[in-house]
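# What follows is a predicted protein model with its sequence.
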Amino acid sequence: MSFLNYSTREINFKIVYYGPGLSGKTTNIKTIYEKVKTDNKGKLVSLATETERTLFFDFFPLDLGTIKGYKVKFHLYTVPGQIYYSSSRKLIMKGVDGIVFVADSQRERFEANIESLNDMMDNLRDYSIDFETMPYVLQLNKRDLPNITPVNELIAALRKRDEPVVEAMALKGEGVVETLKGISKLIMIDVKQKLK
Amino acid sequence: MQENFIIYNEEYVLIKEILKTLKANTRAEIVFITDSEGHCIASTGEMEDSHLNSISSLIAGSMAAVNGIGQMLKVEKFTTILTESTDKNLHISLINDRTMLIVIFDNSSNLGIIRFRVKSAIQDLEKVFITINEKLKVSANEDGMSPFEGVSDEDIDEIFGD
């Protein structure tokens, strides 16, 4: 969970981008990385295969500035989406403060979304994390592609509670920052309540 | 589920002191502590914060992966990872279930000394982390004030430039 240092007045959070293979998790992170000013970001680490499929995770630290005298930092991670990297996904979920589920809107990936969502739920249960109170955003990605499932059908299948839903075209940069803002705000509201 | 990890000023000073001593005694380049979630907790030596954050995340991932292998090999826990090169070397040791101590050193140092001094530093660090855990059980924050006490939704919007 979050790491708070009273001495250096820093608070760190961990955000994980979850979703099926090739849904656009890495694209989300890379787009954010490109949009953020150099002073506010660390190095982008990408543990990928030769074909640029995520092998373990992508990561970069994002400095969001100061709030009430505390430096707020977000550590952004992706999980590898392919089914057989289940163990890696579970490791990365450890200590997560907020989750973005990146769904692939293409019709042929409908089942893969559901499978990945169920996998995410299993991992949360294994860590005894209560999904109902976890800051969470559902992103419907690839809205610019042909042959996509209508938004209402995706929401009916994938929306688990009252989480915000963001339509995105991550390759074009649309919806990416909105998603990050959404999850960051939810995390900060959550920690504000927890640390009361 | 793990609770939020909070470090208080008094213990942070103690941790920094232990790290400085270890660095001096081993002639290491950098000595730092990261938690199992990849947050860099404290460091001494020259390196940009952003790099340390990235390295911390990778080290936490490496340790988690190695212990994932350990579970399959029915090893209770791997406590140390040593990575050597012709130039720089990396010595990672578990302090407890949640934190690990990392020493980056070059060939002007000596692995035997590193192992000996790390062992001693871990004993000191264990005591500090026990104190931190005891404090966490008593109070969620040092002075009764949450760092986000009084933070409004507008304050949160502001850091996003909304």
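Sure, I can see it. Residues are numbered from 1 along each chain as shown, chains lettered A, B, ... in the order given.

# ok, residue B:63 touching residue B:94?
Yes - counting by CB atoms under 8 Å, residue B:63 does reach residue B:94; the two are 7.4 Å apart. All C-beta spots, glycine's among them, are computed from the backbone N, C-alpha and C.

# Those two - which one has more neighbours?
Per other CB atoms under 10 Å in any protein chain shown, whichever of residue B:63 and residue B:94 has more neighbours is residue B:63, with 24 against 18.

# give me every residue that touches the more buried one.
Counting by CB atoms under 8 Å, 6 or more residues apart in numbering or on different chains, residue B:63 touches B:36, B:78, B:81, B:92, B:94, B:100.

# host element of residue 157?
Using chain A. Residue A:157 belongs to helix A:151-158 when assigned by DSSP states H and E.

# actually chain B
According to DSSP H and E, residue B:157 maps onto helix B:153-159.

# again with residue A:182
Secondary structure assignment for residue A:182, by DSSP H and E: helix A:176-194.

# Residue B:23 contacts residue B:32, doesn't it?
No - when contacts are counted by CB under 8 Å, residue B:23 is not listed as touching residue B:32 (9.6 Å).

# what sits in contact with each of those two?
Common neighbours of residue B:23 and residue B:32, using CB under 8 Å, 6+ apart, are B:44, B:45.

# ranges for the strands of chain A?
In chain A, the strands defined using DSSP state E lie at A:3-5, A:10-18, A:45-48, A:54-67, A:70-78, A:98-104, A:136-141, A:165-167.

# what's the nearest residue to the residue in chain B positioned nearest to chain A if we skip its chain neighbours?
In chain B, no residue comes nearer to chain A than residue B:50, which is 2.9 Å away by CB to the nearest CB. Nearest non-adjacent residue to residue B:50, counting by CB to CB, 6 or more residues apart in numbering or on different chains: residue A:42, 2.9 Å away.

# Would you mind measuring from the one you found to residue A:17?
17 Å (CB to CB, to the nearest Å).

# One more: residue A:45?
In this view, residue A:45 and residue A:17 are 14 Å apart by CB to CB.

# So which of these two has more stuff around it?
Between residue A:45 and residue A:17, counted using other CB under 10 Å, residue A:17 has the larger neighbour count: 30 against 19.

# Who are the packing partners of the helix holding residue B:157?
For helix B:153-159, the packing partners by 3 or more CB pairs under 8 Å, 6 or more residues apart in numbering or on different chains; DSSP states H and E come out as strand A:54-67, helix A:176-194.

# mind redoing it with 6 Å?
strand A:54-67 (3 or more CB pairs under 6 Å, 6 or more residues apart in numbering or on different chains; DSSP states H and E).

# tell me which residues of the strand it packs on are tucked away?
Going by neighbour count (16 or more other CB atoms under 10 Å in any protein chain shown), the buried part of strand A:54-67 is A:54, A:56, A:57, A:58, A:59, A:60, A:61, A:62, A:63, A:64, A:67.

# what's the angle from that strand to strand A:10-18?
Taking axes from the mean of the first three to the mean of the last three CA atoms, to 10 degrees, one finds that strand A:54-67 is oriented at 140 degrees with respect to strand A:10-18.

# And the nearest residue to residue A:29 once chain neighbours are set aside, how close does it get to chain B?
Nearest residue to residue A:29, sequence neighbours excluded (CB to CB, 6+ apart): residue A:58, at 5.1 Å. Distance from residue A:58 to chain B, counting by CB to the nearest CB, to the nearest Å: 10 Å.

# For the worst-scoring helix or strand of chain B on mean pLDDT, output the C-alpha coordinates as PDB.
Ranked by mean pLDDT, DSSP states H and E, the weakest helix or strand in chain B is helix B:153-159, scoring a mean of 72. Backbone C-alpha positions of helix B:153-159 (Å, rounded to 0.1, in the frame of the first residue of the first chain) are rendered in PDB as follows:
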ATOM      1  CA  ASP B 153     -11.300  18.100  -3.700                       C
ATOM      2  CA  GLU B 154     -10.300  21.500  -5.100                       C
ATOM      3  CA  ASP B 155      -6.800  21.000  -3.800                       C
ATOM      4  CA  ILE B 156      -6.600  17.600  -5.500                       C
ATOM      5  CA  ASP B 157      -8.000  19.200  -8.700                       C
ATOM      6  CA  GLU B 158      -5.300  21.900  -8.500                       C
ATOM      7  CA  ILE B 159      -2.400  19.500  -8.700                       C
END
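
# what's the neighbour count on whichever residue of chain A sits closest to chain B?
Chain B sits closest to residue A:42 of chain A, with a gap of 2.9 Å, by CB to the nearest CB. Using other CB under 10 Å, the number of residues around residue A:42 comes to 22.

# That one against residue B:55, yeah?
No - applying CB atoms under 6 Å as the test, residue A:42 and residue B:55 come out as separate, 9.6 Å apart.

# from what I can see residue B:20 touches residue B:43, true?
No - contact criterion CB under 6 Å: residue B:20 and residue B:43 do not qualify, at 10.3 Å.

# Pick out whichever of those two has more residues nearby.
Taking neighbours as other CB under 10 Å, residue B:20 and residue B:43 compare with residue B:43 leading, 21 against 13.

# Could you list the low-pLDDT ranges of chain B?
B:1-3, B:139-147, B:149-150, B:159-162 (pLDDT under 70).

# Done for today, thanks.
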